[in-house]
Each structure stands twice: as C-alpha cells, then as structure tokens.
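Novice: here is my input, please return the structure:
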Amino acid sequence: GAGLDGRRFDRTGRSTGRGRTQERRTDPREGGRQTTRSASAILKLRNSKEKLLERLSMAVKAAKDTWAVGCRVELATTLTDEETVKGEVFAYDDKTKTLVLREPYGGSKGNTHLGEKEGYNIRMLNTNYVTKIVSAEPAKQPQAQVLPYVCTKRAEEREAKALMGANKRAEQIGVGVTRAAQSVFDSVNKTLPCRWQGKDIVVIGEVTIVSPYGLDNCTVVPGAEKTLDQVKKVLSS
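Specialist: Purely as a prediction, here's the structure:
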C-alpha cells in the first residue's frame, strides 16, 4: 500500500519508496502509534549487539584462562580475614564455579611458587566470592596430569586440631541461657577464661556469676578477691 507521502510499504510494513528501506512498528512507549526505523539504525543496533556478545565471549575466555591449571593467582575474597589469598590453580569446575588452589604450607602469605619439598595446603572456594583478581601469572611449563602426594598424617593432625577448636567453641555456648547471659559470658571470656556450669558462669574456677549476672550476683572463693575485682570491672563496663 502507499502512505500519505507517496511511500510504498510491503506486507511486512517495510517502506520500499525513495531508495531507502524503513521498518514500521508499533511502539507501546509512543501510545501504540506506528513508528519507522531506518535500515542504518537497524544495522547499528545489530552491530552493537554483536560487539556486546563479543566482549562477553572475551570476558568468559579471560576468566577461564585465569583459572587455568598451573596459573599462579592472588585473590581478594569475602571468605577470609587475610588481605588476599595466594596460590596455584590446581583445578577449576566452571559448572559449580569451584576453584581449588594449592597454597604454601602454613598459609597463603608466602611464595606461590610451590614444590614437593615445601609442601602445600589445598583451599577450595567459590569464585562468586572473589571480589578482585589482584594478579594472575600463567603457568610457565605444562602441568603434569597426575594427582600429587597427600600426607595423610598431616591431614589427620589438621582434622584433630579443627575438631578440638570446634568443641572448645561449642563449650562456650550456654544451653538454655538468655542472649544477655551469653553476652556477659563472651565479655568476661575475652579477659579471663570462662566455662559454663549449667546456667552459671565460672571464671577460672575462682568466681561464679549466677543469674541475672550482675555485680551483686558474683561469689568468690577465699583468696581470689583480685579475680573478683577484674570480673566486676568487666561487668560494669
């Protein structure tokens, strides 16, 4: 059909007049009115989409290169109190975003160039919690596709140490006590070692604090008045 200005349109709504191809479409932002879009505008939009897809593809490739086995990385994460995590990429699973790092034995603060003699730790983390890639150095030589030696004795020692720490922390949580009581325990425990005896707080076996855990709720064994003074200072602060 022909428009009022003499341009002709085919069945798809494309203008075929005046040597240019234009597309007619209904735009809800324009109140449902029909608008036209030139071929150059359509081509520009397609080019911008292709460039965006290309950049995304390059970003994905860069990420996979960063997590390549043998690559030495330094990362900032939200999962550790350390400033950064350093190590050598041991494995990476793109589906679960799981990164496995080999770290120098004793922590990630040392040199990331690892060897069998020095030993290493294994750290697993999700890359969604990586806030920044501080540095990334590619592997300088092909990595052997064999699993390294694992010292089971060292692993058992670390497991036992972790269990002891977990049990110690569990013992410091009162059973059936109020949040205020737990707060008093935590405050005193920062200065003097404490333990729960039922719902009572026992401070180094010398001072006992009972509910409602105030200054007047402390008893002391004879000769431990200095410990009592320390406890009262904490309670009054």
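Novice: now Arg46: how far from Gly198?
Specialist: Arg46 sits 74 Å away from Gly198, going by C-beta to C-beta, to the nearest Å. Any C-beta I mention is one placed from the backbone N, CA and C, and that applies to glycine too.
Novice: where do the helices sit along this protein?
Specialist: With DSSP state H, the ranges of helices along the chain come out as 39-66, 152-171, 179-189, 225-236.
Novice: could you dump these to TSV with mean neighbour count, distance to Ala136 and mean pLDDT?
Specialist: TSV is the format used below for the helices of the chain (neighbours: other C-beta atoms under 10 Å; distance: least, C-beta to C-beta, whole Å; pLDDT from 0 to 100):
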stretch	mean neighbour count	distance to Ala136	mean pLDDT
helix 39-66	11	5	65
helix 152-171	10	28	89
helix 179-189	16	41	93
helix 225-236	15	48	92
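Novice: tell me how many other residues crowd the closest residue in space to Gly205 that isn't next to it in sequence.
Specialist: Excluding the flanking residues, the one nearest Gly205 by C-beta to C-beta, 6 or more residues apart in numbering is Val221, at 7.7 Å. Around Val221 there are 12 other residues, counting by other C-beta atoms under 10 Å.
Novice: change the start of the numbering to 43 and stick with it
Specialist: In the new numbering, first residue 43, that becomes Val263.
Novice: my guess is Val263 meets Val244, correct?
Specialist: No - with contact defined as C-beta atoms under 8 Å, Val263 does not count as touching Val244 (10.5 Å).
Novice: ok, Ala266 - contacts?
Specialist: By C-beta atoms under 8 Å, 6 or more residues apart in numbering, the contact set of Ala266 is Glu248, Val249.
Novice: how close does it get to Lys241?
Specialist: In terms of C-beta to C-beta, Ala266 sits 21 Å off from Lys241.
Novice: what of Ala204?
Specialist: Counting by C-beta to C-beta, the gap from Ala204 to Lys241 is 29 Å.
Novice: and Thr169, by the same measure?
Specialist: 45 Å.
Novice: more neighbours: which of those two?
Specialist: Between Thr169 and Lys241, Thr169 has the larger neighbour count (other C-beta under 10 Å), namely 18 against 14.
Novice: report how many residues lie close to Tyr162.
Specialist: Tyr162: 21 neighbours (other C-beta under 10 Å).
Novice: pLDDT at it, what is it?
Specialist: For Tyr162, the pLDDT comes out at 74.
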